[in-house]
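>>> I would like the atomic coordinates for the input below:
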Amino acid sequence: MNIYVLMKRTFDTEERISISNGQISEDGAEFIINPYDEYAIEEAIQVRDEHGGEVTVVTVGDEEGEKQLRTALAMGADKAVLINTEDDVENGDQFTTAKILAEYLKDKDADLILAGNVAIDGGSGQVGPRVAEQLNIPYVTTITNLEINGSTVTVVRDVEGDSETIETSLPLLVTAQQGLNEPRYPSLPGIMKAKKKPLDEVEIDDLDLEEEDVEAKTKTIEIFLPPEKEAGRILEGELDDQVKELVGLLHTQAKVV
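All right, here's what the predicted structure looks like:
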């Protein structure tokens, strides 16, 4: 089975975000594999181990993404591909990323493509479905279970606290939701093997794409941090007095009553 995983490099979940000159500052920041993409990588490895085949992890970005690709290889993926856009894409968006990925995948005869449900930085959840649409293959989002029997696939997907079961067929793209599996940690032998596994680099020119082909469809007007929250206030005294004071504060300060 020919399996591909779409991976994104994101800020560490514990990283403190700062703004410099109107842009998010990456100086000294730690980066990780997008957590939802870890579920996709783990599921891809499990599918390969059960049905045979090969897992290739693909990311779009600059050379800094090699570290996260090596981590995916250490987890158990077979190959990795970095589509380097550093010199060709200045301000991309979800359309840009999906266009590049779809162009790369169009002749790869992928049986199964997995991606994270959302990226924790942007949270749009658009890239996976956009890729599937451009490849003209079915897709199912927010999956929590995946079973493959020949070319038939049974998928359980999360639907806001409930679930639904869908039967579809390969080739297929799915996006992974939390609960699909428990991603493994790279082992020491896995880390050593990852150093010898193929990690290819592809340029935009290699995909027969021009800069105007991947020009962003959206524009960021402003980036800002949410306002700092004021310290909480503890009301004291008898309960009746506290209630009266709370109502007064909600009316005069919060202006919600």
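>>> And the strands in the chain, which stretches?
With DSSP state E as the criterion, the chain has strands at 2-7, 9-11, 19-20, 23-24, 31-33, 54-61, 79-84, 112-116, 139-149, 152-159, 162-169, 172-176, 199-203.
>>> Give the other helices and strands that the second one contacts.
Using 3 or more Cβ pairs under 8 Å, 6 or more residues apart in numbering; DSSP states H and E as the contact criterion, the neighbours of strand 9-11 among helices and strands are strand 31-33. (Glycine included, C-beta is placed from N, CA and C.)
>>> Partner strands of the strand it packs on, with direction?
Partners of strand 31-33 in the sheet, by DSSP bridges, are strand 9-11 (antiparallel).
>>> could you give the mean pLDDT of the strand it pairs with?
Across strand 9-11, pLDDT averages out at 90.
>>> And stretch 123-135, by the same measure?
94.
>>> Buried ones in it, by neighbour count?
Residues of stretch 123-135 classed as buried: 125-132, 135 (neighbour count, 16 or more other Cβ atoms under 10 Å).
>>> Report the buried residues of stretch 246-257.
Taking 16+ other Cβ under 10 Å as the criterion, stretch 246-257 shows none as buried.
>>> Restricting to C-alpha, output it in CSV.
Below are the C-alpha coordinates for stretch 246-257, written out as CSV (Å, rounded to 0.1, in the frame of the first residue of the first chain):
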residue,chain,number,x,y,z
LEU,A,246,-21.2,41.3,42.2
VAL,A,247,-24.4,42.5,40.6
GLY,A,248,-23.1,46.1,41.0
LEU,A,249,-19.8,45.2,39.4
LEU,A,250,-21.4,43.4,36.5
HIS,A,251,-23.6,46.5,35.9
THR,A,252,-21.0,49.3,36.3
GLN,A,253,-17.7,47.7,35.2
ALA,A,254,-18.4,44.6,33.1
LYS,A,255,-21.6,46.3,31.7
VAL,A,256,-23.3,42.9,31.1
VAL,A,257,-26.4,43.5,33.2
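>>> Can you name the residues in contact with that stretch?
Stretch 246-257 is contacted by residues 233, 235 when judged by Cβ atoms under 8 Å, 6 or more residues apart in numbering.
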